[in-house]
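Q: my questions are about this predicted structure, shown below with the sequence.
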Amino acid sequence: MTPPPITTPPSTATTQIHHSIRPWLTDFLSLSSLSLPLSFPELSLRIQRNLYTYRTNYLFISFLIFLLTLIPHPITFILFIAIIIAWIYLIFYTNEPLFVLDFEIGHRLIVILLSVVTVGALAVTSVWWNVFLSVLISALVVLAHASLRTPDDVEESPYGALLSVVDDDVDAGPYTLV
């Protein structure tokens, strides 16, 4: 078996991720679509839809916040940039299994190896506090954006009839108001 060429076209996972990234300035950071929710069910609906719609944007923001917390540790910063690049290249830009010394290495083994390398790098560099801090900051930023951004496709509450009010157009029958 011959190893695959060095430059392979992006995989279907790559194209799916590329298509799930929403435009940053015109859509994600549009100030005209920010408003406060009027009720808790609307807040819940906004968070649910925005987390799904902007999941890739939120992931990039979380990575950026994590890398920003590593600026005081330049060697660790460079190490984790290399690890993130390895994740992106080996998982998303390879269509075929990786060959090392004529042995085929599947995606599952690559994910396991990259996970071990990532956890090992976290343990060796002792940046657990930075990870904890970046997760907290990322959660706050993501929840703030998800709750303030009005989804584009708001039609009806996912809770259905539980939260609907009686419509005036519906014939109530022979009943009279008391």
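A: Received the coordinates, thanks.

Q: what sits against Ala101?
A: One thing to correct before we go on: residue 101 is Leu, not Ala. The contact partners of Leu101, by CB atoms under 8 Å, 6 or more residues apart in numbering, come to none. No exception for glycine: its C-beta is placed from N, CA and C like everyone else's.

Q: just the CA trace of the biggest helix by length in the chain, in PDB.
A: The longest helix of the chain (DSSP state H) is helix 128-148. Output of helix 128-148 as PDB, limited to C-alpha atoms (Å, rounded to 0.1, in the frame of the first residue of the first chain):
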ATOM      1  CA  TRP A 128      -4.900  23.400  34.700                       C
ATOM      2  CA  TRP A 129      -5.800  26.700  36.300                       C
ATOM      3  CA  ASN A 130      -5.700  28.400  32.900                       C
ATOM      4  CA  VAL A 131      -8.000  25.700  31.500                       C
ATOM      5  CA  PHE A 132     -10.400  26.200  34.300                       C
ATOM      6  CA  LEU A 133     -10.300  30.000  34.000                       C
ATOM      7  CA  SER A 134     -10.700  29.800  30.200                       C
ATOM      8  CA  VAL A 135     -13.700  27.400  30.500                       C
ATOM      9  CA  LEU A 136     -15.400  29.800  32.900                       C
ATOM     10  CA  ILE A 137     -14.800  32.900  30.800                       C
ATOM     11  CA  SER A 138     -15.800  31.000  27.600                       C
ATOM     12  CA  ALA A 139     -19.000  29.900  29.300                       C
ATOM     13  CA  LEU A 140     -19.900  33.400  30.300                       C
ATOM     14  CA  VAL A 141     -19.100  34.900  26.900                       C
ATOM     15  CA  VAL A 142     -21.000  32.200  25.100                       C
ATOM     16  CA  LEU A 143     -24.100  32.400  27.400                       C
ATOM     17  CA  ALA A 144     -24.100  36.200  27.200                       C
ATOM     18  CA  HIS A 145     -24.100  36.100  23.400                       C
ATOM     19  CA  ALA A 146     -26.500  33.200  23.100                       C
ATOM     20  CA  SER A 147     -29.000  34.900  25.400                       C
ATOM     21  CA  LEU A 148     -28.800  38.400  23.800                       C
END
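
Q: tell me how far that helix lies from the chain's centre.
A: Chain-centre distance of helix 128-148: 12 Å, with CA atoms, centre = their mean, to the nearest Å.

Q: for that helix, buried residues please.
A: The neighbour-count check on helix 128-148 (16 or more other CB atoms under 10 Å) flags Asn130, Ser134, Ile137, Ser138, Val142, His145, Ala146, Ser147 as buried.

Q: now swap in stretch 29-42 and tell me
A: In terms of neighbour count (16+ other CB under 10 Å), stretch 29-42 has its buried residues at Glu42.
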